[in-house]
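> my questions are about this predicted structure, shown below with the sequence.
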Amino acid sequence: MKKILITGGAGFIGANFAHHLMRHSDCVVTVLDKLTYAGNSASLEKLPRNRSTLVIGDIANAALVDELVGSHDTVVHFAAESHNDNSLRDPAAFIRTNVVGTYELLEAVRKHGVRLHHISTDEVYGDLELDDPQRFTETTPYQPSSPYSATKASSDLLVKAWVRSFGVNATLSNCSNNYGPFQHVEKFIPRQITNVLSGIKPKLYGTGKNVRDWIHVADHSSAVQRILEAGESGRTYLIGADGERNNLSVLQQILELMGRPNNEFDWISDRPGHDLRYAIDATVLREELGWKPEYQDFTAGLASTIDWYKEHRRWWAPSKQATENMYALHEARASEAIGS
Ligand code: NAD
Ligand code: TDX
């Protein structure tokens with residue numbers, strides 16, 4: 001039975017991946033997670049106890065990482081500071097976790113000869129014009145915009161260098177925007193759903209024309225599992241499900257599905273440096289590894305995500321107020337800066 005170490009497994013995508021492995025493999029998993037504001041051990045409550053362990057700790061802790069990596073066959077590395085808005089306010093934690101933490105994992109997999117799969121984002125490629133016929137591919141040059149995406153790009157480059165220089169056995173994947181259960185309420189889709197459920201008006205940045213390429217988190221999990229089975233060391237695989245939509249249309253769909261008028265939201269000031277459009281070409285993953293997404297009906301996926309947040313108020317309510325307070329502080333500072 002394979003032993004898989006999942007970093008960041010108490011976060012959104014890592015937790016979904018741990019549940020996915022329980023259903024679609026016979027491996028045992030250890031989750032290594034610092035349980036920052038974004039981690040939630042409740043997301044792991046339903047994992048079978050005989051096949052899963054949670055270790056609370058920091059991926060930048062070299063001794064802990066060395067010990068854990070040495071007792072596993074494979075590391076799947078999700079742990080990160082993941083929110084662009086936070087990275088604009090306080091980038092330090094992003095450098096420490098995303099860059100230094102990835103370095104510590106690389107040193108440990110190098111020492112112990114353990115396979116690594118590094119989870120990354122399409123944001124490393126910068127953004128596209130709305131009418132650009134091109135989409136991101138494995139050969140698109142890196143051009144990150146935000147401190148978050150710059151640290152993810154840095155971590156990708158470290159992984160590639162450790163493969164080339166030290167022969168580390170590692171694959172990488174860069175995925176588009178995920179949605180589904182267990183996503184923190186700071187992120188666009190759960191923020192708007194839980195705003196409606198809390199009697200707060202949804203908030204749309206800027207013009208609402210920015211495009212994200214949405215994929216259901218279950219499809220991200222199946223793609224990562226396929227790369228673990230058949231991916232080649234040193235290769236990058238782009239993960240996406242042809243789900244381009246602008247933010248205004250996603251918000252209006254949420255409002256309609258929740259029985260609210262589709263103009264019942266606030267336009268608010270834009271995110272500084274806001275990437276205009278992301279779009280993934282996943283041909284390599286589809287044709288070389290034979291992967292395909294199963295949850296491409298966005299309306300159905302959104303409706304079941306709304307149901308999940310309705311049914312799991314106890315999961316998200318404790319972080320809702322703190323998240324909205326944080327956003328209110330941002331807004332106040334942005335207005336002060338404009339006024340001064
Ligand atoms: P998340 O913020 O929901 O979860 C991150 C998890 O990492 C949390 O449980 C947190 O406690 C943990 N963590 C943070 N710092 C840590 C540290 N120093 N040591 C150990 N654990 C730590 O993020 P997510 O949305 O699940 O993203 C997971 C990964 O997927 C990230 O690497 C992100 O860059 C990537 N990604 C996310 C998306 C998306 O749409 N959310 C898309 C593409 C790629
Ligand atoms: O309240 C909001 N209103 C709004 O209009 C929020 C929180 C966001 N937005 C916009 C900004 C983006 O154009 O919605 C879009 C999505 O925003 P986020 O959920 O913050 O995601 P994004 O910045 O696109 O990054 C996400 O996808 C790539 C993840 O957070 C990253 O971790 C991942 O790498």
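Structure's in. What do you need? Ligands and ions are numbered 1, 2, ... in the order given.
> stretch 265-276 - what's its average pLDDT?
What stretch 265-276 shows for mean pLDDT is 97.
> need the contact list for the residue in the stretch 201-340 of the chain that ligand 2 sits nearest to.
Across the stretch 201-340 of the chain, no residue is closer to ligand 2 than Y205, which sits at 3.5 Å (C-beta to the nearest ligand atom). Any C-beta I mention is one placed from the backbone N, CA and C, and that applies to glycine too. Contacts for Y205 (C-beta atoms under 8 Å, 6 or more residues apart in numbering) come out as 247, 268-271, 274.
> and the residues you listed, which two are furthest apart?
Largest separation among the contacts of Y205 by C-beta to C-beta: N247 and S269, giving 14.2 Å.
> neighbour count: those two, which is higher?
N247 (20 against 14; other C-beta atoms under 10 Å).
> for stretch 17-27, give the mean pLDDT please.
The model assigns stretch 17-27 a mean pLDDT of 98.
> got it, and stretch 295-314?
Mean predicted lDDT for stretch 295-314 stands at 98.
> hmm, it touching ligand 1?
No - Stretch 295-314 stays clear of ligand 1 (C-beta under 6 Å from any ligand atom), getting no nearer than 12.9 Å.
> next, the buried residues of that stretch.
Of all the residues in stretch 295-314, those buried under the rule 16 or more other C-beta atoms under 10 Å are 295, 298, 301-302, 305-306, 308-309.
> for stretch 29-49, same thing?
Under 16+ other C-beta under 10 Å, the buried positions of stretch 29-49 are 29-34, 36, 38-40, 43-44, 47.
> so does it get close to ligand 1?
Yes - residues of stretch 29-49 contacting ligand 1 under C-beta under 6 Å from any ligand atom: 33-36, 38-39.
> contacts for that stretch, please.
Stretch 29-49 is contacted from outside by 3-12, 14-15, 18-19, 21-22, 51-59, 64-65, 68, 72, 79, 81-83, 97, 182, 184, 186, 315, 319, 322, using C-beta under 8 Å, 6+ apart.
> which ones among those map onto helices?
12, 14-15, 18-19, 21-22, 64-65, 68, 315, 319, 322 (DSSP state H).
> closest one of those to G290?
Among the ones in helices among the contacts of stretch 29-49, and counting by C-beta to C-beta, the member closest to G290 is L21, at 19.2 Å.
> so the closest one makes contact with K2?
No - judged on C-beta atoms under 8 Å, L21 makes no contact with K2 at a distance of 9.3 Å.
> what's the overlap in contacts for these two?
Shared contacts of L21 and K2, counting by C-beta under 8 Å, 6+ apart, come down to C27.
> between those two, which one's more packed in?
Ranked by neighbour count (other C-beta under 10 Å), L21 and K2 place L21 first, with 25 against 14.
> read off the pLDDT value for whichever residue of the stretch 201-340 of the chain sits closest to ligand 1.
Proximity of the stretch 201-340 of the chain to ligand 1 (C-beta to the nearest ligand atom) peaks at H220, 7.4 Å away. Looking at H220, its pLDDT stands at 99.
> same check, this time on G339
On the pLDDT scale, G339 gets 62.
> what of D131?
97.
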